[in-house]
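*Asks:* Based on what follows, work out the 3D shape:
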Amino acid sequence: MHKRSSVILLVALLALLVTMGCSVSQLVGKRPPTPTPTFTKTPKPTFTPTPVFTPTPVPTNTPVPTNTPAVTPTPTDTPQPTPTPMPQAIVKLADLNYRAGPSTQFASLGKLSIGYVLEVRKRTADSAWLRVCCLNNQEGWVASQYVDLSVPMDTIPVDETVPPTPTPRPRPPTNTPAPQPPTPTPAPAFYYRAVVQSCLPNAGITYIQGTVYEGTTPQTGKRVRLSWIPDDPNPPVPDYVTGTDPTRPIYTFILDPQKPREGNWYVWVVDASGKRISELANVRTTASASGAGACQQAIVDFVH
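*Replies:* Numbers count the residues shown, from 1 in each chain. Here you go, the predicted model:
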């Protein structure tokens, strides 16, 4: 209801405003018109132009021509030829001698290791040695067979100023020892040398026999001793004197067949006093006369 009253009021206000507008426009329309003023065109004043002052030109100094410096042409660099690199030698031997000259007679200036690179300057006429640089900023020589070259050998110039090979100093003479007198052959300890000639099997008896020689001559009257003890002063059997058997100048010891036939026996020659004058001969006899090593008949000689 309130809303409707507001609408009616608004419509009334609008109607009032319209009515008032119409009244005002009628009042305004009844005023007398204002006359429009007439404008008279005023002529523009005429101006006399002021003469323009023309200044007299001041003479200017004629410029003195300056000396134009001559253009100096920039010198063109003449291309220089590229230097040819020096041939190289690469060491292929450990501890290669770096010598003062082209020979092993010259002193060694140091040692070069494998892979060391050197500049090659010259070579000897036989191409065996190369003058190279450098070790410790010093030129030297190396044997060409122990390096690999970067260029052919014949392209390396020959050194015409090769120093002469030093003459090796003669070695001091070696004192030749005075010849020593020949060592005298020691005299044998005993007059007779014992020689066991053989020992063979024998089924019957066991014996030891032999001959005493002077050179190749059998001797008689020589005393021969037998025992199982070396240098026995009391032998088990009497000494045998050679020549007792007139048919043969030998000695013979027959072992007792009633006793054991095996044993270790010693035989030697003595002088009239019983002193041994020969080496000892040793014979080992066996009980059996068969089989390897059987020994029942021994031949032992004494030789001077």
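
*Asks:* show me what contacts Ile114?
*Replies:* Applying Cβ atoms under 8 Å, 6 or more residues apart in numbering to Ile114 gives the contacts 91-94. Where you see a C-beta, it was placed from the backbone N, CA and C, and this is true even at glycine.

*Asks:* Which of those ranks first by neighbour count?
*Replies:* Neighbour counts for the contacts of Ile114, by other Cβ atoms under 10 Å, peak at Val91, which reaches 21 neighbours.

*Asks:* Spit out the contact partners of that one.
*Replies:* Per Cβ under 8 Å, 6+ apart, neighbours of Val91: 112-118, 142, 146-147.

*Asks:* follow-up on the earlier one: tell me the one of the contacts of Ile114 nearest Ile208?
*Replies:* Checking those against Ile208 by Cβ to Cβ gives Ala94 as the nearest, at 74.0 Å.

*Asks:* Excluding sequence neighbours, find me the nearest residue to that closest one.
*Replies:* Ile114 (5.3 Å; Cβ to Cβ, 6 or more residues apart in numbering).

*Asks:* mean confidence for stretch 191-205?
*Replies:* The average of the pLDDT scores along stretch 191-205 is 91.

*Asks:* that older thread, take the contacts of Val91 and write them to CSV, including distance to Phe190 and pLDDT.
*Replies:* Below are these laid out as CSV (distance: Cβ to Cβ, whole Å; pLDDT from 0 to 100):
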residue, distance to Phe190, pLDDT
Leu112, 71, 94
Ser113, 71, 93
Ile114, 71, 94
Gly115, 75, 92
Tyr116, 75, 94
Val117, 80, 94
Leu118, 78, 95
Val142, 72, 95
Tyr146, 68, 95
Val147, 74, 94
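
*Asks:* Including distance to Val132 and secondary structure, could these go into JSON lines?
*Replies:* Formatted as JSON lines, the contacts of Val91 follow (distance: Cβ to Cβ, whole Å; DSSP: H, G, I helix; E, B strand; the rest coil):
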{"residue": "Leu112", "distance to Val132": "9", "secondary structure": "strand"}
{"residue": "Ser113", "distance to Val132": "15", "secondary structure": "coil"}
{"residue": "Ile114", "distance to Val132": "15", "secondary structure": "coil"}
{"residue": "Gly115", "distance to Val132": "15", "secondary structure": "coil"}
{"residue": "Tyr116", "distance to Val132": "10", "secondary structure": "coil"}
{"residue": "Val117", "distance to Val132": "10", "secondary structure": "strand"}
{"residue": "Leu118", "distance to Val132": "4", "secondary structure": "strand"}
{"residue": "Val142", "distance to Val132": "6", "secondary structure": "strand"}
{"residue": "Tyr146", "distance to Val132": "12", "secondary structure": "helix"}
{"residue": "Val147", "distance to Val132": "8", "secondary structure": "strand"}
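
*Asks:* Phi, psi for the residue nearest to Ala94 please.
*Replies:* Dihedral angles of Ile114 (phi, psi; degrees, to the nearest 10) stand at phi -60, psi 130.

*Asks:* Can you give me the neighbour number for Thr161?
*Replies:* Neighbour tally, Thr161, other Cβ under 10 Å: 6.

*Asks:* which ones are touching it?
*Replies:* Contacts of Thr161 by Cβ under 8 Å, 6+ apart: none found.

*Asks:* mind redoing it with 10 Å?
*Replies:* 122, 131 (Cβ atoms under 10 Å, 6 or more residues apart in numbering).

*Asks:* quick one: pLDDT of it?
*Replies:* For Thr161, the predicted pLDDT is 86.

*Asks:* before we move on, back to that, give me the subset of the contacts of Ile114 that lies in strands.
*Replies:* Applying DSSP state E to the contacts of Ile114, the entries found in strands are Val91.

*Asks:* Could you find the closest non-adjacent residue to Thr252?
*Replies:* Nearest to Thr252 is Gln209, by Cβ to Cβ, 6+ apart, at 4.0 Å.

*Asks:* secondary structure element for that neighbour?
*Replies:* strand 207-210 (DSSP states H and E).

*Asks:* next SSE after that strand?
*Replies:* Per DSSP H and E, strand 207-210 leads on to strand 212-214 as the next helix or strand towards the C-terminus.

*Asks:* Give the other helices and strands that that following strand contacts.
*Replies:* strand 297-303 (3 or more Cβ pairs under 10 Å, 6 or more residues apart in numbering; DSSP states H and E).
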